[in-house]
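Visitor: Pasting a predicted model and its sequence here:
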Amino acid sequence: MRRQGWIAAVLAALGLWFLISIEPVLMPFFVSMVLAYLGDPLADRLEDKGLSRRLSVSLVFLLLTLVIVLSLLLVIPILGRQIGQLIESLPAILSWVQSTVVPRIQSMTGMDLSTDFDQMRETLVDNWKETGTFAATLLAQVSKSGLALVAMIGNLALIPVVTFYLLLDWDDLVAKVRGSLPRRWEPTVVRLAGECDEVLSAFLRGQLIVMLCLGIIYAIGLTLLGVKFGLLIGLLSGLASIVPYLGVIVGISVSGLVAFFQSGGEIWMLLGVAAVFGFGQFIESIVLQPKLLGDKIGLHPVAVIFAVLAGGQLFGFTGVLVALPVAAMVMVVLRYLHDRYKNSSLYDADRRASNEESP
């Protein structure tokens with residue numbers, strides 16, 4: 001048994017090394033797996049209504065494609081305009097901070113910040129001015145490198161193809177994996193897989209919907225309030241809410257500063273910003289979290305931050321995408337191992353001995 005454990009550990013280490021080695025080609029497959037996982041329950045429901053698997057998958061695939069394409073067509077142009085406006089407004093914002101905020105901080109603390117802020121301001125403005133040149137240079141370099149351009153286009157083109165075939169064969173793949181498990185391990189692995197499926201369902205179908213709803217609430221609220229860059233700040237705050245409380249902290253800080261600068265310090269704008277984010281938190285705690293998530297994920301905020309950073313370090317952007325689902329599954333396995341440990345003689349040898357001696 002111990003030898004089998006060592007073999008499993010070595011195989012797991014080799015598998016991790018292999019995945020890290022092929023990281024550049026993993027992104028389309030990971031994205032396709034997530035899309036297929038999200039679409040499989042809907043395809044199963046269509047099958048239950050009498051449709052064939054291929055027709056069901058085709059309808060789900062068409063729905064996913066329409067949702068993604070329409071979202072990109074609607075959101076990206078507006079975000080592009082607001083990012084451009086933010087870049088244009090940056091020098092004025094920095095000048096206001098230098099003339100208003102820095103003197104107040106100096107009067108309260110006695111620290112001379114003018115020299116350091118001047119250097120920081122010049123650096124930021126120069127970098128923003130060079131952003132367009134850098135982007136154009138980068139695009140030119142990518143275009144010159146035909147192999148890199150072909151690889152990038154190929155990776156993007158693979159996503160719909162791989163997603164369709166994974167959706168088509170998802171149930172068969174799951175059945176084959178289950179049939180390949182050692183018979184002694186199969187009940188435990190199936191039970192753990194069911195718990196992982198609950199956690200992943202809560203995260204992928206629940207947390208993503210929560211993030212989207214919060215982003216929409218924040219964006220609409222800030223836009224109606226008249227805060228500049230309201231759509232950009234709202235959507236970014238919704239995305240940041242993947243880490244508990246980070247979205248509301250970042251959103252209310254940034255939008256509060258923008259509203260204060262925009263209105264000249266009028267208190268009603270700041271109260272409006274607080275009301276928008278307060279309403280979002282109320283909806284999240286009363287409606288979204290109980291209905292969509294419950295207590296299924298169980299990841300501590302520190303664990304969330306560590307998982308995102310570790311995933312990015314190991315697998316780059318792909319690791320960031322899959323960090324939290326993998327961390328949620330790891331937590332399921334760790335809880336199982338913890339229960340095994342609490343019932344073992346290593347944890348309480350006297351209690352185990354007394355249980356074995358009792359008739």
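Guide: That came in fine, so what should we check first?
Visitor: sec struct for the residue nearest to residue 229 when sequence neighbours are not counted, please.
Guide: Nearest non-adjacent residue to residue 229, counting by CB to CB, 6 or more residues apart in numbering: residue 82, 4.9 Å away. C-beta: built from backbone N, CA, C; applies to glycine. Using DSSP: H, G, I helix; E, B strand; the rest coil, the structure places residue 82 in helix.
Visitor: same question, residue 274
Guide: helix.
Visitor: Run a quick neighbour tally on it.
Guide: Other residues near residue 274 come to 14 when the count uses other CB atoms under 10 Å.
Visitor: Against residue 333, how distant is it?
Guide: Separation of residue 274 from residue 333 (CB to CB, to the nearest Å) stands at 41 Å.
Visitor: now do residue 201
Guide: With CB to CB as the criterion, residue 201 and residue 333 are 17 Å apart.
Visitor: where does the stretch 151-300 of the chain dip in pLDDT?
Guide: Scanning the stretch 151-300 of the chain for pLDDT under 70 picks out the ranges 151-154, 244, 265, 292-299.
Visitor: Apply 80 and report the result again.
Guide: 151-157, 181-182, 185, 198-208, 229, 242-246, 260-266, 287-300 (pLDDT under 80).
Visitor: Run through the helices of it in chain order.
Guide: Under the criterion DSSP state H, counting those that start in this stretch, helices of the stretch 151-300 of the chain are mapped to 186-200, 208-225, 230-240, 246-263, 267-283.
Visitor: is it true that residue 79 touches residue 232?
Guide: Yes. The pair residue 79 / residue 232 is scored as a contact, 5.8 Å apart, by CB atoms under 8 Å.
Visitor: Looking at these two, which one has more neighbours?
Guide: residue 232 (22 against 15).
Visitor: wouldn't the more buried one be in contact with residue 81 here?
Guide: No. With contact defined as CB under 8 Å, residue 232 does not count as touching residue 81 (9.3 Å).
Visitor: so what's residue 237 closest to, chain neighbours aside?
Guide: Residue 237 sits nearest to residue 251 (CB to CB, 6+ apart), 3.0 Å away.
Visitor: Count the residues that sit near the one you found.
Guide: Counted with other CB under 10 Å, residue 251 comes out at 27.
Visitor: buried residues in stretch 303-317?
Guide: Using 16 or more other CB atoms under 10 Å as the test for burial, stretch 303-317 gives 304, 307-308, 311, 315.
Visitor: List every C-alpha atom in that stretch, with coordinates, as CSV.
Guide: Presented in CSV, the C-alpha positions along stretch 303-317 are these (Å, rounded to 0.1, in the frame of the first residue of the first chain):
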residue,chain,number,x,y,z
ALA,A,303,-6.8,30.8,0.1
VAL,A,304,-8.4,32.6,-2.8
ILE,A,305,-5.5,35.1,-3.1
PHE,A,306,-2.9,32.3,-2.7
ALA,A,307,-4.6,30.1,-5.3
VAL,A,308,-4.7,33.0,-7.9
LEU,A,309,-1.0,33.9,-7.3
ALA,A,310,0.2,30.3,-7.3
GLY,A,311,-1.8,29.5,-10.5
GLY,A,312,-0.3,32.6,-12.3
GLN,A,313,3.2,31.7,-11.2
LEU,A,314,2.9,28.1,-12.4
PHE,A,315,0.8,28.4,-15.6
GLY,A,316,0.6,32.1,-16.4
PHE,A,317,-2.7,33.5,-17.5
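Visitor: Off-centre distance for that stretch?
Guide: 11 Å (CA atoms, centre = their mean, to the nearest Å).
Visitor: Equivalent analysis for stretch 337-345, please.
Guide: 32 Å.
Visitor: Count the neighbours of the nearest residue to residue 173 once chain neighbours are set aside for me.
Guide: Once flanking residues are discounted, residue 173 sits nearest to residue 166: 7.6 Å by CB to CB, 6+ apart. Residue neighbour count, defined by other CB under 10 Å, stands at 20 for residue 166.
Visitor: likewise residue 170?
Guide: Neighbours around residue 170, by other CB under 10 Å: 20.
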